[in-house]
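> Quick one, what's the 3D model for this:
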Amino acid sequence: MKKVVIVIYGAIAYIIFLIAFLYAIGFVGNIYLPKTIDSGTEPSLINAILINLAVLSVFALQHSIMARPKFKEWFNSIFNQAIERSTYILLSSLALILIYWQWQPITTVVWNVENKIGFTILTGIFFLGWLIVFLSTFMINHFELFGLRQIFDNLKNKQTPHPKFQTNYFYKLVRHPIMLGFLIAFWATPVMTLGHLLFSSVTTLYIFIAVKYLEEKDLRKHIGEAYEIYQKEVPMIIPFTKK
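All right, here's what the predicted structure looks like:
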């Protein structure tokens with residue numbers, strides 16, 4: 001019965017993630033949703049900045065703390081390790097939903113591409129970014145990344161092995177193609193408002209700091225020499241650069 005409950009828990013976490021992920025596309029792209037990055041009543045500039053930084057900080061802290069090996073060890077010492085990844089995904093998704101709910105628009109226009117060709121190109125690049133994110137998850141192990149393999153292995157009394165170090169497809173171009181996809185999606189917009197610029201700037205800063213100083217450190221420690229060689233051969237996020 002406990003194993004069935006774990007499967008249900010993991011499945012719910014994954015469904016909430018899918019909803020949060022799909023909503024992110026509409027939220028950032030201002031596409032047919034009741035609440036987007038530029039919709040809603042605009043408060044004072046200071047209030048908007050403070051609230052937006054606060055909700056982004058909640059996501060950043062949750063994302064960074066729960067991804068650290070020491071936190072995982074602590075979590076697994078108390079709870080079934082099969083739900084560790086699902087719990088991480090669930091809380092990350094709830095942190096995203098908090099952003100969607102509490103985000104305060106700042107609608108001052110920074111740039112506006114009215115040319116139809118330019119508009120179409122930027123919109124296409126926006127969707128390309130999200131496609132890169134989605135495809136990149138399958139180039140490693142989508143179902144393990146989002147906790148599904150762990151919960152079904154637990155149901156079958158199997159121990160999920162540690163993830164294998166893989167450098168498939170996009171991972172031969174950059175070490176973190178998922179982050180590259182997010183950056184493309186966040187910045188490729190025909191209409192950039194001050195609120196959108198704040199969102200893109202803060203998330204970009206967070207991505208580079210978290211990847212370079214936290215995730216890469218953990219990967220070097222876990223994988224060892226193979227990852228150090230990979231770092232020398234493949235750029236971190238920006239293709240065709242040295243780092």
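> switch to C-alpha atoms for all contacts and neighbour counts from now on
Noted.
> so how far is the first residue of stretch 32-49 from its last?
24 Å (Cα to Cα, to the nearest Å).
> Buried residues, that stretch. List them.
35-39, 48-49 (16 or more other Cα atoms under 10 Å).
> Could I get the buried residue list for the lengthiest helix in the chain?
Counting by DSSP state H, the longest helix found in the chain is helix 2-29. Of the residues in helix 2-29, 3, 6-7, 9-11, 13-14, 16-17, 20-21, 23-29 count as buried by neighbour count, 16+ other Cα under 10 Å.
> re earlier: make CSV out of the buried residues of stretch 32-49 and add pLDDT.
Below are these laid out as CSV (pLDDT from 0 to 100):
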residue, pLDDT
35, 95
36, 97
37, 98
38, 97
39, 95
48, 97
49, 98
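> farthest pair in those?
Maximum pairwise distance among these (Cα to Cα): 17.4 Å, between 35 and 49.
> low pLDDT regions in this structure?
Within the chain, the segments meeting pLDDT under 70 span 243.
> if you go through it in chain order, where are the strands?
Applying DSSP state E to the chain gives strands spanning 109-112, 191-193.
> Of these, which stretch is the most buried?
strand 191-193 (a mean of 20; mean count of other Cα atoms under 10 Å).
> I would like the residues contacting that strand, please.
With Cα atoms under 8 Å, 6 or more residues apart in numbering as the contact definition, strand 191-193 has outside contacts at 38, 106-113.
> hmm, which two among those residues are most spread apart?
Among the contacts of strand 191-193, 106 and 113 lie farthest apart (Cα to Cα), at 18.2 Å.
> And the two? Which one has more around it.
residue 106 (23 against 14; other Cα atoms under 10 Å).
> Now do the contacts for the more buried one.
Residue 106 neighbours (Cα under 8 Å, 6+ apart): 38, 42-43, 45, 48, 193-196.
> So residue 14 versus residue 46, what's the distance?
36 Å.
> all helices of this protein, in order?
Under DSSP H, the chain gives helices at 2-29, 45-67, 69-78, 84-102, 116-138, 142-145, 148-155, 177-187, 194-210, 216-223, 225-233.
> tilt between the longest one and helix 177-187?
Okay, so that is helix 2-29. 40 degrees (axes from the mean of the first three to the mean of the last three Cα atoms, to 10 degrees).
> just the fourth one next, same as before
Interaxial angle, helix 84-102 versus helix 177-187 (the same axes, to 10 degrees): 10 degrees.
> Identify each buried residue in helix 84-102, please.
84-97, 99-100.
> Sounds good, over and out.
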